[in-house]
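*Asks:* would you be able to build a 3D model of this:
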Amino acid sequence: MSPDRPLLDASAVRLGLTAEDKADALRQCGEVLVEIGAASAGYADALHERELSVSTYVGEGVAIPHGTNESREHIERAALAYLQFPDGVDWNGETVHVCVAIASKSEEHVDILSALAQVLMDPAKAATLREAQSVDDVLALLSPSTPQE
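*Replies:* Modelled structure (predicted):
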């Protein structure tokens, strides 16, 4: 893996998707992580296992699917995937429009989760994240920025 490869790569951003239900959305998240070479099918399956024990819904129409601790052996490299479901997906009574799927063995993803938290605390930015029209919009919102001086 190239050390300068971003955790969220343009190839992992998917806009305008539809999902029949939460299980279908989780399946799609796993497929993207496998397709970009971040994880194997075993990790994709673990997204469903994690969801059975703890909901990954975090608010503002966003879920952060990730595997179980035991499934980390199936991770090839740290990466994230952004999947947008404009029509929404029922997530235990909440409506999810965006899944930010995580494959990480350690703390590599913390900076992006911090950027995501900042976005979600700002209703306008959260709306922009849910309604993103381009890959560049997503990358601009979720790429950790350098601190303002």
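
*Asks:* now for the helix or strand where residue 12 lies, which elements pack on it?
*Replies:* Residue 12 is part of strand 8-14 when elements are defined by DSSP states H and E. Under the contact definition 3 or more C-beta pairs under 8 Å, 6 or more residues apart in numbering; DSSP states H and E, strand 8-14 sits against helix 22-35, strand 79-91, helix 135-142. Where C-beta positions appear, they are placed from N, C-alpha and C, glycine not excepted.

*Asks:* list the buried residues in that strand.
*Replies:* 8-9, 12-14 (16 or more other C-beta atoms under 10 Å).

*Asks:* which other helices and strands does the helix-or-strand element of the chain with minimal mean pLDDT contact?
*Replies:* For the chain, counting by mean pLDDT, DSSP states H and E, helix 110-121 ranks last in confidence among helices and strands (a mean of 81). Here helix 110-121 touches strand 94-103, helix 123-130, helix 135-142, going by 3+ C-beta pairs under 8 Å, 6+ apart.

*Asks:* please identify the most buried of the ones you listed.
*Replies:* Between those, strand 94-103 has the highest mean count of neighbours, a mean of 24, where neighbours are mean count of other C-beta atoms under 10 Å.

*Asks:* pLDDT (mean, whole number) over that strand?
*Replies:* Strand 94-103 shows a mean pLDDT of 96.

*Asks:* now the helices and strands packed on helix 110-121 in CSV, with distance to residue 34?
*Replies:* Output for the helices and strands packed on helix 110-121, formatted as CSV (distance: least, C-beta to C-beta, whole Å):
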stretch, distance to residue 34
strand 94-103, 9
helix 123-130, 24
helix 135-142, 20
